[in-house]
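Q: Compute the structure for the input listed below.
(chains A, B, C and D)
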Number of protein chains: 2
Amino acid sequence: MASTEDTIAVRISKELADRIISGAIEPGSRLRQDHVAEEFNTSHVPVREAFRRLEAQGLAISEPRRGVRVASFDLGEVREVAEMRAALEVLALRHAAPHLTASILDQAEEATKAGDKSRDVRSWEEANRTFHRLILTPCNMPRLLSTIDDLHAASARFLFAAWRSEWETRTDQDHRAILSALRQGNTESAAATLGRHVQWIGQKPVKTASGRTRDAFAIVG
Amino acid sequence: MASTEDTIAVRISKELADRIISGAIEPGSRLRQDHVAEEFNTSHVPVREAFRRLEAQGLAISEPRRGVRVASFDLGEVREVAEMRAALEVLALRHAAPHLTASILDQAEEATKAGDKSRDVRSWEEANRTFHRLILTPCNMPRLLSTIDDLHAASARFLFAAWRSEWETRTDQDHRAILSALRQGNTESAAATLGRHVQWIGQKPVKTASGRTRDAFAIVG
DNA sequence: AATGCAGAAATTATCTATAATTTTCACTCA
DNA sequence: TGAGTGAAAATTATAGATAATTTCTGCATT
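A: Prediction:
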């Protein structure tokens, strides 16, 4: 953890981002700068800068003079993020493919296995993210990768909101198919599978606070 | 102009973004918060927030304790932005197509004509941006649209850097082909043309300060 | 001439204070 | 009972001041 390297504003934004993604802070709830400042033992100036970062990542929305609140989301946004991820990850994979080494693919396979063994959402999400990052990073397109990172953060948020606690282990066939295609040098097939994989939207009945049951949606890939 | 509505930080970031895009501030040059604060007659707190916004748009980069500088760019970045635009605008168009009305397509045709008549880069860019915005906005995907907006800002920057002054009028056949396909309800053909159109990278010899000639590249679509 | 090293100047990051705005909530009056 | 009203409290936005860091500059040394 390079906390001492970062500026206070960055540290705050990372911590808040983590809480928003994990669902520790409810969507729609207000982020009050003085409260946050007090908690982190700082003034509110770095807090405001942290808010601007969260805003840019799409994790918070700010209305002038009325403060900042945690961004809420709906099924439409889940779909939107899924489609953006599909389009951009396919693009990244096409450029990354020529630079993929056997070692990278082996690491990606390890990540897939780790995901299959995961007993909770959080560790599954981490393994999944590692897989995607491993096969996409070699595309060497920083702007593309950072946009994809933001989309992954949004995905994780949807995921944690839907699968708050229960998580059933499952074997990720898509990841294996992608790796196998990449090993055979079949980039187009890998890209097509990745595009489908990322757009798969899981659906799960969830009990609301009022005791009713509704469906929760999330990107599971 | 809703300047009075906006917060000072937003106003500053818009003005600085405009200068960076137009090339009024050189890539790589430093943005000094006190100087900017003095120019806008404010303290540096809103200036710092404006910097965070520019950073998020990819127009500036900040290193902790060493300040903010205008992002520089190279051919690789031009390519990257072109490919991202292609992927995302195609996605947006596919979703927008069912909601396009004759009126919107007529407005888009007007924008194309305005672009063809433009005698300088700046007005051509504005007309071009209007065209793309018109046919994409109905997709109703706010996150996607705002990402595309940022990419258009980057495109404009490349464009102004390459075509600083000289600009030859040209007839945009791609725009017309896209409109014609859309009018016939042939979304796939329109999307394919748009994807190619946006990835077209113009090339132009440019005289550098040192009197030498080098090639400048920009997205011309 | 090139290199390295103070010390000074400039600049960034943060804190404390103040002004302006919005939200809350008790209270009046229909 | 309930809608409207108007302070009071809370909160945001900005300003001014301070501490910490970096960059610059000139001079001594090799």
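Q: Nearest spatial neighbour of the residue in chain A positioned nearest to chain B, chain-adjacent residues omitted?
A: At 3.2 Å from chain B, A:Ala56 is the closest residue in chain A, using Cβ to the nearest Cβ. Where C-beta positions appear, they are placed from N, C-alpha and C, glycine not excepted. Among residues not flanking A:Ala56 along the chain, B:Ala56 sits closest, at 3.2 Å (Cβ to Cβ, 6 or more residues apart in numbering or on different chains).
Q: In contact with the one you found: list those residues for me.
A: Contacts for B:Ala56 (Cβ atoms under 8 Å, 6 or more residues apart in numbering or on different chains) come out as A:Arg52, A:Arg53, A:Glu55, A:Ala56.
Q: Quick one: distance of the one helix or strand the first one maps to to the chain centre.
A: Assigning secondary structure by DSSP states H and E places A:Arg52 in helix A:44-57. Using Cα atoms, centre = their mean, to the nearest Å, the mean C-alpha position of helix A:44-57 is found 19 Å from that of the whole chain.
Q: Does it reach DNA strand D?
A: Yes - interface with DNA strand D: helix A:44-57 contributes A:His44, A:Val45, A:Arg48 (Cβ under 7 Å from any atom of the strand).
Q: I'd like those residues written out as TSV, with distance to A:Glu89 added.
A: Below are these laid out as TSV (distance: Cβ to Cβ, whole Å):
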residue	distance to A:Glu89
A:His44	37
A:Val45	37
A:Arg48	33
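Q: on that earlier part again, and the helix holding A:Arg52 with helix B:44-57, angle?
A: 20 degrees (axes from the mean of the first three to the mean of the last three Cα atoms, to 10 degrees).
Q: Give me the next element, helix or strand, following helix A:44-57.
A: strand A:60-63.
Q: Pairing partners for that next one, with directions?
A: Sheet pairing for strand A:60-63, assigned by DSSP bridges, gives strand A:67-70 (antiparallel).
Q: What residues sit buried inside the helix or strand following the strand it pairs with?
A: Later in the chain than strand A:67-70, the nearest helix or strand by DSSP H and E is helix A:75-96. Neighbour-count burial for helix A:75-96 flags A:77-96 (criterion: 16 or more other Cβ atoms under 10 Å in any protein chain shown).
Q: tally of neighbours for A:Glu166?
A: 9 (other Cβ atoms under 10 Å in any protein chain shown).
Q: Can you spell out which helices and strands pack onto the helix or strand bottoming out on mean pLDDT in chain A?
A: Scoring the helices and strands of chain A by mean pLDDT, DSSP states H and E places strand A:201-207 at the bottom, with a mean of 80. Judged by 3 or more Cβ pairs under 8 Å, 6 or more residues apart in numbering or on different chains; DSSP states H and E, strand A:201-207 is in contact with helix A:75-96, helix A:142-162, strand A:213-219.
Q: for the last one, packing partners?
A: It refers to strand A:213-219. helix A:75-96, helix A:142-162, strand A:201-207.
Q: Out of the ones you listed, which is closest to B:Val10?
A: The closest of the helices and strands packed on strand A:213-219 to B:Val10 is helix A:142-162. By Cβ to Cβ, the value is 20.7 Å.
Q: average model confidence for whichever helix or strand comes after the closest one?
A: Heading C-terminal from helix A:142-162, the first helix or strand you meet, by DSSP H and E, is helix A:173-183. Averaging pLDDT along helix A:173-183 gives 97.
Q: And stretch A:137-147, by the same measure?
A: Mean predicted lDDT for stretch A:137-147 stands at 98.
Q: Buried ones in that stretch, by neighbour count?
A: In stretch A:137-147, counting by 16+ other Cβ under 10 Å, buried: A:Thr137, A:Pro138, A:Cys139, A:Met141, A:Arg143, A:Leu144, A:Leu145, A:Thr147.
Q: now stretch A:159-179
A: Using 16+ other Cβ under 10 Å as the test for burial, stretch A:159-179 gives A:Leu159, A:Phe160, A:Ala161, A:Ala162, A:Trp163, A:Trp167, A:Asp172, A:Asp174, A:His175, A:Ala177, A:Ile178, A:Leu179.
Q: rewinding a little: residues in contact with the least confident helix or strand of chain A?
A: Applying Cβ under 8 Å, 6+ apart, the external contacts of strand A:201-207 come out as A:78-79, A:82, A:162-164, A:213-220.
Q: what's the farthest-apart pair in those residues?
A: Within the contacts of strand A:201-207, A:Ala82 and A:Thr213 form the most distant pair, 23.5 Å apart (Cβ to Cβ).
Q: Surely A:Glu26 is in a strand?
A: No - secondary structure of A:Glu26 (DSSP: H, G, I helix; E, B strand; the rest coil): coil, not part of a strand.
Q: And the residue lying closest to it once chain neighbours are set aside, what's its pLDDT?
A: In space, and not counting its chain neighbours, A:Glu26 is closest to A:Val70: 6.7 Å by Cβ to Cβ, 6+ apart. Per-residue pLDDT puts A:Val70 at 97.
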